[in-house]
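Student: Take this sequence and fold it.
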Amino acid sequence: MKVSTKGRYALRIMADLAIHDNGEYIRLKDISERQAVTLKYMEQIMPLLTRAGYVKSCRGNNGGYKLARRPEEYTAGEILRTTEGNLAPIPCIEDVPNQCLRKDKCTTLSFWEGMWKVISEYVDSITLADLIRNEVE
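Tutor: Here you go, the predicted structure:
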């Protein structure tokens with residue numbers, strides 16, 4: 001499984017919003033500068049996070065973005081799934097129940113299902129608060 005830059009940057013954006021949360025909206029330009037990510041690319045990621053309800057946005061002079069919830073209420077898994085889609089390591093296990101025509105004959109299916117379980121449990125166990133803990137202490 002490979003996480004794209006969109007997923008990696010989404011986690012960094014959310015972490016930046018959490019670290020710099022003072023109740024005010026944070027300008028995307030400021031996040032872009034701190035994270036060394038182009039403003040243009042961030043403008044592609046922010047609508048995904050906004051539509052998912054993870055961030056609130058405000059236009060205007062004092063506009064920008066801020067978290068919609070507390071950092072403890074987000075998991076890395078949900079943020080990654082918003083930008084990456086399903087985190088299954090192979091396509092044939094994305095459907096529940098499994099629709100693969102070879103599922104009854106596949107000797108490697110249990111391996112892939114186990115790998116997916118480990119990935120899911122891990123990314124769903126890490127909160128945004130966990131990610132920023134070393135930054136805010």
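
Student: Tell me where this protein has strands.
Tutor: Counting by DSSP state E, the chain has strands at residues 55-58, 64-67.

Student: Just say which of these is most tucked in.
Tutor: Most buried of the strands of the chain, by mean neighbour count (mean count of other Cβ atoms under 10 Å): strand 64-67, with a mean of 20. Glycine gets a C-beta too; all of them are placed from N, C-alpha and C.

Student: buried set for the top helix by length along the chain?
Tutor: Identified as the longest helix of the chain according to DSSP state H is helix 109-125. By 16 or more other Cβ atoms under 10 Å, the buried positions in helix 109-125 come out as 109, 113, 116, 119, 123.

Student: Other residues contacting it?
Tutor: 1, 75-78, 80, 87-90, 92-93, 98, 100, 103 (Cβ atoms under 8 Å, 6 or more residues apart in numbering).

Student: just these now: which is nearest residue 133?
Tutor: residue 76 (12.9 Å; Cβ to Cβ).

Student: Nearest the geometric middle of this protein, what residue?
Tutor: Per Cα atoms, centre = their mean, the C-alpha nearest to the average position across the chain is that of residue 79, at 2.1 Å.

Student: ok, of the contacts of helix 109-125, which come out buried?
Tutor: 75, 76, 77, 80, 87, 88, 89, 93, 100.

Student: Cheers, nothing more for now.
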